[in-house]
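Visitor: any chance you can model this:
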Amino acid sequence: MADTKRSGCPINLTLEVVGDKWSLLVIRDMMFGNRRHFRELLTKSDEGISSNILADRLKTLLGAGVITRDDDPSHKQKGIYSLTEQGVELLPILAQMAGWGYKYLPVSEELGIRARLLKEGGPKMWAEFMDELRETHLGVKRRKKAGPSAGERLQAAYECVIAKK
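Guide: Reported below is the predicted structural model:
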């Protein structure tokens with residue numbers, strides 16, 4: 001994160017961390033795609049981020065405390081990126097942005113289905129999904145509920161739309 005800030009405005013300070021073209025997409029891929037390794041973040045995104053930009057964004061997000069990086073026990077040269085609590089708490093912002101885009105922009109059906117479900121599910125679904133992210137990224141155990149989880153419902157809806165094509 002840069003040492004010189006334009007102002008102490010909370011919107012400005014937030015934009016200094018996640019206001020570029022790529023940072024929220026990296027966080028999106030970590031949240032919704034469970035992409036946690038550099039190579040996955042680099043190659044499995046439709047937007048095609050370059051390796052130097054990805055490395056820079058990961059460094060910024062690490063420095064701001066939005067993500068962490070730990071060594072991958074299965075491969076000593078790999079790292080596993082995880083969302084911190086700060087990162088998890090970006091979910092409602094991403095859900096609101098997705099809902100706005102779904103309402104006003106020509107999104108594809110397969111990429112818009114999650115936005116629609118998050119909009120319809122609202123804060124209750126966001127809270128449930130945030131608990132799942134905390135379990136995955138922070139190791140915080142959550143109380144299991146009957147039926148599919150929010151993440152499973154989002155993934156199933158996406159797969160259903162893909163299967164129809």
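Visitor: got any ranges where the chain has weak pLDDT?
Guide: Flagging of the chain using pLDDT under 70 yields the residue ranges 1-3.
Visitor: mind redoing it with 90?
Guide: Along the chain, segments meeting pLDDT under 90 span 1-8, 45-46, 72-77, 110-111, 142-147, 149, 152, 155-156, 158-165.
Visitor: nearest the geometric middle of it, what residue?
Guide: residue 28 (2.6 Å; Cα atoms, centre = their mean).
Visitor: residue 94 is in contact with that residue, correct?
Guide: Yes. Using Cβ atoms under 8 Å, residue 28 is in contact with residue 94, at 6.0 Å. The C-beta positions use only the backbone N, C-alpha and C, and glycine is treated the same way.
Visitor: common neighbours of those two, please.
Guide: The contact sets of residue 28 and residue 94 do not overlap (Cβ atoms under 8 Å, 6 or more residues apart in numbering).
Visitor: that older thread, what's the offset of the helix or strand that the residue nearest to the centre of the chain is a member of from the middle of its chain?
Guide: In the assignment (DSSP states H and E), residue 28 maps to helix 23-32. Relative to the chain's own centre, helix 23-32 is displaced by 3 Å; criterion: Cα atoms, centre = their mean, to the nearest Å.
Visitor: same thing with stretch 6-21?
Guide: 18 Å.
Visitor: same for the helix holding residue 28, what does it pack against?
Guide: Helices and strands touching helix 23-32, by 3 or more Cβ pairs under 8 Å, 6 or more residues apart in numbering; DSSP states H and E, are helix 10-18, helix 38-43, helix 51-63, strand 75-83, helix 91-104.
Visitor: which parts of the fourth one count as buried, going by neighbours?
Guide: Looking back up the chat, that one is strand 75-83. Buried residues in strand 75-83, counting neighbours by 16 or more other Cβ atoms under 10 Å, are found at 79-83.
Visitor: next up, the contacts around the residue nearest to the centre of the chain.
Guide: Taking Cβ under 8 Å, 6+ apart, one finds residue 94 in contact with residue 28.
Visitor: would you map out the domains in this protein?
Guide: Per automatic domain parsing, the structural domains of the chain span 10-84, 90-164.
Visitor: any chance of these in CSV, plus distance to residue 4?
Guide: Shown next, in CSV, are the domains of the chain (distance: least, Cβ to Cβ, whole Å):
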stretch, distance to residue 4
domain 10-84, 10
domain 90-164, 24
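Visitor: coming back round to it: mind checking the helices and strands packed on helix 23-32 for the one nearest to residue 125?
Guide: helix 91-104 (8.3 Å; Cβ to Cβ).
Visitor: the closest one vs helix 10-18, what angle?
Guide: Angle between the axes of helix 91-104 and helix 10-18 is 90 degrees (criterion: axes from the mean of the first three to the mean of the last three Cα atoms, to 10 degrees).
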